[in-house]
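Need coordinates for the below:
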Amino acid sequence: MTATFWTVAALLCGVAILILLVPVWRHRARGGRWSVEGIAVALLIAPLALVMYTYVSDWDAEFAERVSQESALIDQLARHLEANPNDLQGWQLLAASYMQLGRYPEGRAAYERVWSLTRQPDDELKLAYAESQILTDRSTVSGEAGRLVEEVLAADPGNPKALWYGGLVALELGRDDAVRTRWTRLLALNPPEDVARVVQMQLAQLGGGPAEGIPAPSGPEIKLSVSLGEGRSVAALGPNAQLFIMALAPEGGPPLAVIRRPPNAVPGEFSLSDANSIIQGRSLSAYPEVTVVARLSSSGEPTAQPGDWFAQTVVQPTAGQPVAVALVIDQVVQ
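Next comes the predicted model:
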């Protein structure tokens, strides 16, 4: 594949040089002499193009070649398994390879074959098979895939992959408490940064939702009175709007505490405390000063989007004595 790329590139450069030499040749025919500048430009086009390509391109030829070779080997293995349908190790390798390359439907089909050939599936196979189902059909979290994940969690409560998919299962079934428990435990295991970011956002979105009920305050308490600015109506935000009230640490990061309510909860009275904490070890009581934000999100997402309405202020939580704060939502996220 790399050799083909460079062959085509060389041909294109040759065509470009010929195109540039045409006016040089015409200049020679009319004036009786060659244009040194024109010849120089024509001959420099190829090396300049190569320099520019290597400077601005993010193409990884070695990676592309490796993927091409791996795909060829996988296809060869698939042909081998057509002639040897009971080769369990071959099916396991094929299924894992398909999943690694993002060929999820083929990976699921291969794992179905592995499953049928395995008498006593272990936790690793249960999770791999469940994952292949979930990545091709999200609804399977409430079916066989969800059941397999629950079996692994029961046997190994600290399994990171099981905690991740177990959170998805609980989320799909509306078991918010289980979502918080599983994903908080997952964060404590220091997952990859992209996974941690998604988990934190999902936990923030859950907040103190209606399914959880209104928790009893604990630790420092911030009593908030939230209202809308003059001339504003929540009806203008659309059907997906949600209210998020958050306490943020000075250094940033995921919220220390979150309340999530429908937009018609404004105007209203709210209580923000450690009972609304979403991540173990991050709480209001650990900070002498926090920023409290009330945001009406038109998208329903906890992260700020242009057009969202908000109000914010800095608060110093005090243990044993509630702090009263009034927020008027009259600003727009730009």
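
contacts and neighbour counts: CA atoms only from here.
Fine.

show me where pLDDT drops low in the chain?
1-70, 194, 205, 207-218, 278-281, 319-320 (pLDDT under 70).

And the helices in it, which stretches?
2-31, 36-56, 61-83, 88-100, 104-117, 123-134, 144-155, 160-172, 176-187, 193-206 (DSSP state H).

And for Pro105, the neighbour number?
17 (other Cα atoms under 10 Å).

quick one: contacts for it?
Ser132, Thr136 (Cα atoms under 8 Å, 6 or more residues apart in numbering).

Also Gly146?
Ala130, Thr140, Gly166, Val169.

Show me which residues of stretch 111-128 are buried.
Buried residues in stretch 111-128, counted by 16 or more other Cα atoms under 10 Å: Tyr111, Glu112, Arg113, Val114, Trp115, Asp123, Leu125, Lys126, Leu127, Ala128.

Let me see the contact set for the nearest residue to the second one once chain neighbours are set aside.
Going back to what we said before, that points to Glu112. Sequence neighbours aside, Tyr129 is the residue nearest to Glu112 in space, at 7.3 Å (criterion: Cα to Cα, 6 or more residues apart in numbering). Contacts for Tyr129 (Cα under 8 Å, 6+ apart) come out as Arg108, Tyr111, Glu112, Trp115, Ala145.

With distance to Pro306 as added columns, please give the residues you listed in CSV.
Output for those, formatted as CSV (distance: Cα to Cα, whole Å):
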residue, distance to Pro306
Arg108, 39
Tyr111, 43
Glu112, 45
Trp115, 47
Ala145, 37
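
Closest one of these to Asn240?
Nearest to Asn240 among the contacts of Tyr129: Ala145, at 29.2 Å, using Cα to Cα.

isn't the closest one right next to Ile134, touching?
Yes - using Cα atoms under 8 Å, Ala145 makes contact with Ile134 at a distance of 6.7 Å.

Which one of those two is surrounded by more residues?
Each of Ala145 and Ile134 has its neighbours counted (other Cα under 10 Å); Ala145 has more, 26 against 23.

Once you drop chain neighbours, what's closest to the more buried one?
Closest to Ala145 by Cα to Cα, 6+ apart is Ala130, at 4.3 Å.

For the one you found, give me its contacts.
Glu144, Ala145, Gly146, Leu148, Val149.

Distance check, it against Gln100.
15 Å (Cα to Cα, to the nearest Å).

Repeat that for Lys126.
From Lys126 to Gln100 the distance is 17 Å (Cα to Cα).

Please apply the same query to Glu172.
25 Å.

Please parse this structure into its domains.
2-59, 222-332 (automatic domain parsing).

residues contacting the residue nearest in space to the middle of the chain?
Here the mean C-alpha position of the chain is nearest to the C-alpha of Val198 (Cα atoms, centre = their mean), at a distance of 5.4 Å. Val198 makes no contacts at all, as judged by Cα under 8 Å, 6+ apart.

Also Tyr98?
Ile74, Tyr104, Glu106, Gly107.

Mind giving me the PyMOL command for buried ones among those residues?
Of those, the buried ones go into a single PyMOL selection, burial set by 16+ other Cα under 10 Å:
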select buried, resi 74+104+106+107
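
what's the farthest-apart pair in the contacts of Tyr98?
Ile74 and Tyr104 (13.8 Å).

what's the closest of the contacts of Tyr129 to Glu221?
For these, the nearest to Glu221 is Ala145 (41.3 Å; Cα to Cα).

about what we covered before: with neighbour numbers in mind, choose between Glu172 and Gln100.
Higher neighbour count among Glu172 and Gln100: Glu172, with 17 against 11, using other Cα under 10 Å.

my read: the more buried one touches Gly143, true?
No - applying Cα under 8 Å as the test, Glu172 and Gly143 come out as separate, 10.8 Å apart.
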